[in-house]
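Peer 1: Quick one, fold the following:
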Amino acid sequence: MRFLFVFIILFVFILTNKFFLLNEEFLILLNFIGFCFVVYEQLGMMLSLRFAKKSLVIKNSLLSSINSISYKLNSKKTLNNKIINFFEKLTFLKKYYIKFSFTFLTQFIIYLNINEKANFLSKLIYLKQLETMYFKLIIILLFKKIKIINLLTNFFGNKLQLKRFQTLNLINKLDLIKKI
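Peer 2: So this is what the prediction gives:
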């Protein structure tokens, strides 16, 4: 109200001193200023409440979007930390696997060498036993052949009365007598 009173006094002062001439443009300007003033006075509080509500809605919307972005960023950060920890654990697991594989393979090679030596020794022992068995078999076969030859010489010397076999038979008897 005070503003309206000051405005009217100022307006009358300007018109009486003829600072402005009352023509069409000036009257349109005065009507526009008056309209703006009436709108501001009558609708100012309602518009400021509406703008305050809108600004509060926008502020709340911005805060909720900032909070959701912050939550998303925090979840992404924790996920990134988990991924980084996962990769660190994978590299540690890789190093452990390489070390384990290397030690396992060296121990396996040592085991195979020891096992190969033991197998070689067992095969040598088996070969030695096989050699002695073949030697015994050959000796037994030779004794059988000698026995057969001896029986044949006795048969040819005694039964068939061949001179050559009789002489061999007598030589064999003399050898047996000397041994006794």
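
Peer 1: who touches Met133 in this structure?
Peer 2: Contacts for Met133 (C-beta atoms under 8 Å, 6 or more residues apart in numbering) come out as none. For the C-beta atoms, the positions are set from N, CA and C on the backbone; glycine is no exception.

Peer 1: From Leu127, how far off is it?
Peer 2: Counting by C-beta to C-beta, to the nearest Å, the gap from Met133 to Leu127 is 11 Å.

Peer 1: With Met46 instead?
Peer 2: From Met46 across to Leu127, the span is 116 Å (C-beta to C-beta).

Peer 1: go on, Ile138?
Peer 2: Distance from Ile138 to Leu127, by C-beta to C-beta: 16 Å.

Peer 1: go on, Lys144?
Peer 2: Taking C-beta to C-beta, one finds Lys144 at 26 Å from Leu127.

Peer 1: Identify the residue nearest the geometric centre of this structure.
Peer 2: Leu90 (6.0 Å; C-alpha atoms, centre = their mean).

Peer 1: Secondary structure element for that one, which one?
Peer 2: Per DSSP states H and E, Leu90 falls inside helix 24-154.

Peer 1: Please state the offset of that helix from the chain centre?
Peer 2: Averaged C-alpha coordinates place helix 24-154 at 3 Å from its chain's average position (C-alpha atoms, centre = their mean, to the nearest Å).

Peer 1: Show the average pLDDT along it.
Peer 2: Average pLDDT, helix 24-154: 89.

Peer 1: Run a quick neighbour tally on Leu63.
Peer 2: The tally of other residues near Leu63 (other C-beta atoms under 10 Å) stands at 10.

Peer 1: again, but for the one 5 residues further on
Peer 2: For Ser68, the number of neighbouring residues by other C-beta under 10 Å comes to 10.
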